[in-house]
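Enquirer: Below are the sequence and a predicted model for it; my questions follow.
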Amino acid sequence: MTIFEGGCHCGNLSYVFETSAPLSALGLRADQCSFCRAHAARNTSDPNGTIRIGVREEAKLSCYRFGLKIADFLLCRDCGVYIGALMEDGGRMWFTVNVNTFRDRPGDDMAAVPVDFDGEDVAGRTARRKQKWTPVSELNIG
C-alpha cells in the first residue's frame, strides 16, 4: 500500500488515501467540466484502495452539486480549496481525490489525461464511479 495524506490549505478538510498501486500506475485525470477546469483539478482514484476523510468543523465544509447532482464536490469555506468529490449510494461511499491537495503533491510534469463524461446518464455515471472511484472507509465530521 502507498499512503497519501492531504487536505485543504487551512487544514479543516483532511484525508488519508491508501492505494494498492503507485500514483504512476493509477494515473491522473483532468475532467473537462467547467468546475474541474476552473479549479485546475487533477484527480485520481483506486477502486482497490481506501480513503478516510476528516472534517474538523462542519460549518466550514461546502458541498457543491451540479450536473447530474449525484456527487458532492467538497470545498473548504475558509480557504476555498476543492479536495475531491464524494458519491453515496446504497449506504456506501466512493471518492475521487484532487492530487493537487496531497501534502507531497505530484509535480506539474505528471500529466493528467483529459476526460469528458458529459454523455453519461445517472445510471451510467453511478456505475462508472462505483467501479473506478475509491471506497470511503471513514467519513468523520466534527
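Expert: Good, I have the coordinates.

Enquirer: CA atoms for contacts and neighbours, from now on please.
Expert: Will do.

Enquirer: If you tally nearby residues, what's the number for L68?
Expert: Per other C-alpha atoms under 10 Å, the neighbour tally for L68 reads 12.

Enquirer: S34 now?
Expert: 9.

Enquirer: Dihedrals phi and psi, D109?
Expert: Dihedral pair for D109: phi -80, psi -10, per degrees, to the nearest 10.

Enquirer: How much space separates it from R29?
Expert: Applying C-alpha to C-alpha, to the nearest Å, the value for D109 to R29 is 14 Å.

Enquirer: same question, L23
Expert: L23 is 12 Å from R29, by C-alpha to C-alpha.

Enquirer: more neighbours, those two?
Expert: Comparing L23 with R29 by other C-alpha under 10 Å, the one with more neighbours is R29, at 20 against 17.

Enquirer: could you measure that one against L61, distance?
Expert: 24 Å.

Enquirer: do D78 as well
Expert: Distance of D78 to L61, computed by C-alpha to C-alpha: 8 Å.

Enquirer: Can you give the distance of stretch 104-124 from its chain's centre?
Expert: Relative to its parent chain, stretch 104-124 has a centroid offset of 11 Å by C-alpha atoms, centre = their mean, to the nearest Å.

Enquirer: Please work out which residues outside it touch it.
Expert: Stretch 104-124 is contacted from outside by 4-6, 27-33, 42-43, 68, 70, 99-100, 125, using C-alpha atoms under 8 Å, 6 or more residues apart in numbering.

Enquirer: Many thanks, I have nothing further to ask.
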